[in-house]
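when you get a sec, could you give me coordinates for this:
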Amino acid sequence: MVGRLAGAPLRFIERHRGGDLLNRATTELENLATFVRVYLSELLAAVGYLVLAVVTLLVYSPLLTLVLLVAFVPGALLVMRSFDRASGPAFAGEADAQAGLAATFTEGIEAAETLRMSGGTGFWAERARRGNATLLAAIRTTVGALNRMPLLVAFEALTTAVLLALGGYLVAGGAIGLGVLVVFVLSTRNLFDSFLQLTGLVGTIAEATATAARLRDLLAVTQPPPAPPARDLPARGMLAAVGVTFGYGRDAPVLDAVSLTLAPGERVALVGPTGAGKTTLAKLLAGLYTPAAGTVEYAGVPLRDLDPAQVRRHLALVPQRVHLVAGTLLDNLLLVPGEPDRARVEAAVRDLGLDDWVAGLPAGLDTDLGNRGERLSAGEQQLAGLVRAALVDPSVLILDEATADVDPVTAARLETAVDRMCADRTLVVVAHRPETIARLRRAVRVGEGRVADIAAEGVRS
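A predicted model of the protein is given here:
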């Protein structure tokens, strides 16, 4: 499950609330594992006892067994069918409501500081209350479905009464002995006990079935396509978008039939107003998004025809917000393909001219960054992302507003590191700062779904 989610298309991850996927990959998976570990053996035992009881009854009296089946089975099947129709949507709705509430709490916890500063805690609490109300309504629906099962007890009592009356009549007429009737009634009790045990597991089975269906759907939509065979690609190749169209949902496309060619070693700034589609174009060029129409090509080969590992090897994107995990700086820098060792990381830091930055940290590479890298500034997190990219050694480096809202010292470090790294690489920078744009040889304005070349010097985004 973790592997599937890690390899899922970026748009799939972005379309789902984080808490929903987290709930499926942890809580729901654990619930299914608990069913297999604990309840599956009980289910098999109950079925085994049920079959044994039926065989015993047939041996003692086929006639009474037939009466038992005729009196009990139709009513039991009616109740089970009614439960089956109600339980599927009920348990699926409850699982959806649980995932939605988990997502709301996850989002609220992650945005706790912002909510407090903006006074939005009341809004978030109201949203959580609505999610909780939805969950309670779903639970009531589930309980309503489960409450149909006690009707089986009434059918059991009716069946027992019919068996005693008919058995007494047969004993009086000498058709069967009293001992046979006693054994039959006791065996019937065992049969009903086994059936009641099964009905007691019905809710658990229905919940496990709904969970398995949700997990199966998740696995199906994250099934990676067969990897194309590896191709012999040049270390430095041309990157091109050819007639690319891309949009979010049913809205007008953000990019419409866009074409852009980047020669090997070229340095290009993507400029334009906020929301124009610069980051979208950057993700398309990096192979993180798949265009709705057109193709993105590296060295003349469409990215969709390349092994994803080759795409990641040749194209690297450092996002505006670099994601870090709890651990040391070294732990975070090692989150790249190829399993580099400490010596290679130290060499990458030196090559980028970041020795002084790392040396200035409390424990150098072994500095604990805290939760989500909170002990690094936004600019320092960008530096960490740049070192990661250097360890990949890509053909094309794409930076998404790397120097935005960064102090002058860190911005200078970033620009120096980029210059060192991209001496012979293609560099694409989503940029707003005139100083950053002026350092690049070419500027491409993105706006109204189109792109157009403009002079890099003196550009204002």
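
from now on I want contacts and neighbour counts done on CA atoms only, so please keep to that.
Fine.

ok, and for stretch 251-258, which residues are buried?
Buried residues in stretch 251-258, counted by 16 or more other Cα atoms under 10 Å: P253, V254, L255, D256, A257, V258.

how about stretch 125-143?
Under the neighbour-count criterion of 16+ other Cα under 10 Å, stretch 125-143 has R127, A128, G131, N132, T134, L135, A137, A138, I139, T141, T142 buried.

point out the ones among those that are inside strands.
Residues of these located in strands (DSSP state E): none.

can I get those in a markdown table with pLDDT and distance to A292?
A markdown table is the format used below for the buried residues of stretch 125-143 (pLDDT from 0 to 100; distance: Cα to Cα, whole Å):
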| residue | pLDDT | distance to A292 |
| --- | --- | --- |
| R127 | 83 | 34 |
| A128 | 84 | 36 |
| G131 | 86 | 34 |
| N132 | 88 | 38 |
| T134 | 90 | 36 |
| L135 | 89 | 36 |
| A137 | 90 | 39 |
| A138 | 88 | 37 |
| I139 | 89 | 40 |
| T141 | 88 | 40 |
| T142 | 85 | 41 |
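
tell me the one among those residues nearest to R375.
Each of the buried residues of stretch 125-143 was scored against R375 by Cα to Cα, and A128 proved nearest at 29.9 Å.

from the middle of its chain, how far away would the helix or strand hosting E30 be?
E30 is part of helix 29-34, with elements assigned from DSSP states H and E. Relative to the centre of its chain, helix 29-34 is centred 17 Å away, using Cα atoms, centre = their mean, to the nearest Å.

related to what we said a few turns ago, possible to save the buried residues of stretch 125-143 as a markdown table with distance to L77?
A markdown table is the format used below for these (distance: Cα to Cα, whole Å):
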| residue | distance to L77 |
| --- | --- |
| R127 | 42 |
| A128 | 40 |
| G131 | 35 |
| N132 | 35 |
| T134 | 31 |
| L135 | 30 |
| A137 | 27 |
| A138 | 25 |
| I139 | 24 |
| T141 | 21 |
| T142 | 19 |
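
okay, and which of the residues you listed map to helices?
Counting by DSSP state H, the part of the buried residues of stretch 125-143 found in helices is R127, A128, G131, N132, T134, L135, A137, A138, I139, T141, T142.

still on that earlier bit, just checking, what packs against the helix holding E30?
Helix 29-34 sits against helix 178-221, with contacts defined as 3 or more Cα pairs under 8 Å, 6 or more residues apart in numbering; DSSP states H and E.

let me see the contact set for the residue nearest to L335 when sequence neighbours are not counted.
The shortest distance from L335 to any non-neighbouring residue, by Cα to Cα, 6 or more residues apart in numbering, is to R388 (7.5 Å). Each residue near R388 by Cα atoms under 8 Å, 6 or more residues apart in numbering is listed here: L333, L334, L335, V336.

secondary structure element for R388?
helix 378-392.

what's stretch 360-378 in contact with?
By Cα under 8 Å, 6+ apart, stretch 360-378 touches R321, H323, L324, V325, A326, G327, T328, L329, L330, V358, Q381, V406.

now with 6 Å?
L324, V325, A326, G327, T328, L329, L330, V358 (Cα atoms under 6 Å, 6 or more residues apart in numbering).

now for it, what's the gap between its first and last residues?
One end of stretch 360-378 sits 16 Å from the other (Cα to Cα, to the nearest Å).

what about that stretch, distance to the chain center?
In terms of Cα atoms, centre = their mean, the centre of stretch 360-378 is found 28 Å from the chain centre.

ok, longest helix in this protein?
helix 62-110.

now for that helix, which elements pack on it?
Here helix 62-110 touches helix 18-23, helix 121-146, going by 3 or more Cα pairs under 6 Å, 6 or more residues apart in numbering; DSSP states H and E.
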